[in-house]
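J.: here is a sequence with its predicted model. Questions after.
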Amino acid sequence: QMTDTPWTHAFHKHIAKTSPEPIGLVVDRAEGPFVYTTDGKRYLDLLSGIGVANIGHAHPRVIAAVERQNRRHHHVMVYGEYIQEEQPLYAQDMAAITPKGLDRVYFTNSGAEAVEGALKTARKATGRAGFVAFEGAYHGDTFGALSVAGNASYQIPFEPLLSPVKLLPFNEPEYLEKIDEGIAAVIVEPVQGEGGVRIPTTGFMTDLAKRCQQTGALLILDEVMTGFGRTGKLFALEHWGITPDLLVLAKALGGGYPLGAFIGSAGLLETLTTDPPLSHVTTFGGHPVSCAAGRAGLSVIQEEKLVTNSRDTGAWFLDRLQKSLGVDPRISEIRGLGMFIGIQFVDAQTTRAFTDRCREEGLLL
Ligand code: PLP
């Protein structure tokens with residue numbers, strides 16, 4: 001499958017492998033919904049770089065914003081000390097599109113770093129140690145983020161992890177009473193992504209928010225994967241009508257560039273300002289080029305009405321999939337919300353065979 005380029009050879013020899021058999025498409029370029037490989041093939045990228053290219057690849061508006069910022073300046077100072085146009089304006093955009101009260105933004109480089117920042121903020125603000133996370137959850141691969149994952153096979157090789165973390169079954173309201181006054185924060189994805197597009201009931205999410213309020217545990221909502229129109233709302237929290245204490249974003253936030261954020265109230269984010277000052281700092285977080293790209297990306301989502309497009313196309317696509325594939329005995333369920341759609345197969349082998357076949361047909365899943 002791999003065409004031979006100078007970088008194919010270097011990939012095998014010098015890139016640290018994350019899996020024994022990398023997919024290994026040799027990318028030439030990407031534009032709109034397509035990825036083009038050096039052997040002249042075109043792929044429809046339903047994976048969107050795993051939830052990044054919500055506006056498509058290399059949108060001209062993003063390119064223009066990046067070029068403008070490239071001419072002005074790159075990195076100039078660690079986060080939060082100098083005033084650079086794109087950062088505060090993007091933070092202002094975030095405050096405008098997220099629920100009331102979430103008006104202080106801490107920009108990071110990635111989703112995992114934003115999760116780390118949110119966990120640290122919760123501990124320092126509440127003076128409590130414990131965290132609650134959910135079975136099947138994924139929040140990133142740094143030690144803190146891995147500690148609140150719900151998949152033991154990824155955790156065991158790296159123990160001991162951060163503690164104490166209580167793991168509860170996802171979407172089962174009867175376990176929420178285990179959240180108590182020792183818990184600094186509960187972290188949850190509004191729809192589990194890595195766990196297999198698992199959609200909770202409105203009752204579960206509202207009960208969870210209520211329980212957090214009762215016990216003083218902060219609610220951290222990880223919208224790294226679900227944000228920016230993926231589920232047919234700008235943010236998935238709109239499906240359940242809940243407001244978290246901390247909202248975590250990344251992936252599509254940067255319009256294709258590396259950017260993450262955790263967002264909360266002024267009072268909560270002040271936690272990191274004093275005792276000691278510089279309680280949490282990043283060199284590259286909120287990079288000016290990433291913020292410029294992200295801001296342009298958000299305007300594309302708004303002006304091209306991509307959120308309603310995600311809702312409508314997603315509903316159409318889910319219906320078509322359920323009608324055409326739903327009857328196949330090798331498929332146990334097809335579920336989705338907007339353009340966040342998962343097909344559950346009876347076993348891993350069948351899943352692999354299906355995705356391989358789709359790739360042969362020019363579809364990235
Ligand atoms: N949270 C969720 C829900 C994710 O899906 C991911 C990545 O897939 C992360 C956090 C981690 O983000 P990053 O890979 O940018 O560290």
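T.: Cool, got the structure.

J.: who touches the residue nearest to the spatial centre of the chain in this structure?
T.: Nearest residue to the geometric centre of the chain (C-alpha atoms, centre = their mean): residue 224, 1.9 Å. Residue 224 makes contact with 51, 111, 114-115, 139-140, 189, 193, 248-251, 260 under the criterion C-beta atoms under 8 Å, 6 or more residues apart in numbering. In this view, the C-beta of every residue, glycine as well, is placed from N, C-alpha and C.

J.: if we go to 6 Å?
T.: 111, 250, 251 (C-beta atoms under 6 Å, 6 or more residues apart in numbering).

J.: how many residues are close by the second one?
T.: For residue 250, the tally of surrounding residues (other C-beta atoms under 10 Å) stands at 27.

J.: ok, it - contacts?
T.: For residue 250, the contact set (C-beta under 6 Å, 6+ apart) comprises 110, 111, 114, 224, 260.

J.: what about the residue nearest to the centre of the chain? Give its phi and psi, please.
T.: Main-chain dihedrals, residue 224, degrees, to the nearest 10: phi -60, psi -40.

J.: and stretch 47-62, how far apart are its ends?
T.: 20 Å (C-alpha to C-alpha, to the nearest Å).

J.: among the contacts of residue 250, which are in helices?
T.: 111, 114 (DSSP state H).

J.: picking up where we left off before, report pLDDT for the residue nearest to the centre of the chain.
T.: For residue 224, the model assigns a pLDDT of 98.

J.: what's the following helix or strand after the longest helix seen in the chain?
T.: With secondary structure taken from DSSP H, the chain has its longest helix at helix 306-325. Going down the chain from helix 306-325, the next helix or strand is strand 331-337, by DSSP states H and E.

J.: rounded mean pLDDT for stretch 149-161, please.
T.: Mean pLDDT, stretch 149-161: 98.

J.: ok, back up a step: can you check what angle separates the longest helix of the chain from strand 331-337?
T.: Here the directions of helix 306-325 and strand 331-337 differ by 160 degrees (axes from the mean of the first three to the mean of the last three C-alpha atoms, to 10 degrees).

J.: avg pLDDT for helix 306-325?
T.: 97.

J.: list the buried residues for that helix?
T.: Using 16 or more other C-beta atoms under 10 Å as the test for burial, helix 306-325 gives 306, 307, 310, 311, 314, 318, 321, 322.

J.: and residue 276, that's in a helix?
T.: No - counting by DSSP: H, G, I helix; E, B strand; the rest coil, residue 276 is not part of a helix but coil.

J.: and it, how many neighbours?
T.: Neighbours of residue 276 using other C-beta under 10 Å come to 7.

J.: over to the one 10 residues further on?
T.: Burial of residue 286 is recorded as 25 neighbouring residues (other C-beta under 10 Å).

J.: same thing with residue 22?
T.: A count of nearby residues for residue 22, using other C-beta under 10 Å, gives 12.

J.: how far away is it from residue 11?
T.: Look at residue 22 and residue 11: by C-beta to C-beta, to the nearest Å, they are 8 Å apart.

J.: between those two, which contacts overlap?
T.: Counting by C-beta under 6 Å, 6+ apart, residue 22 and residue 11 have no common neighbour.
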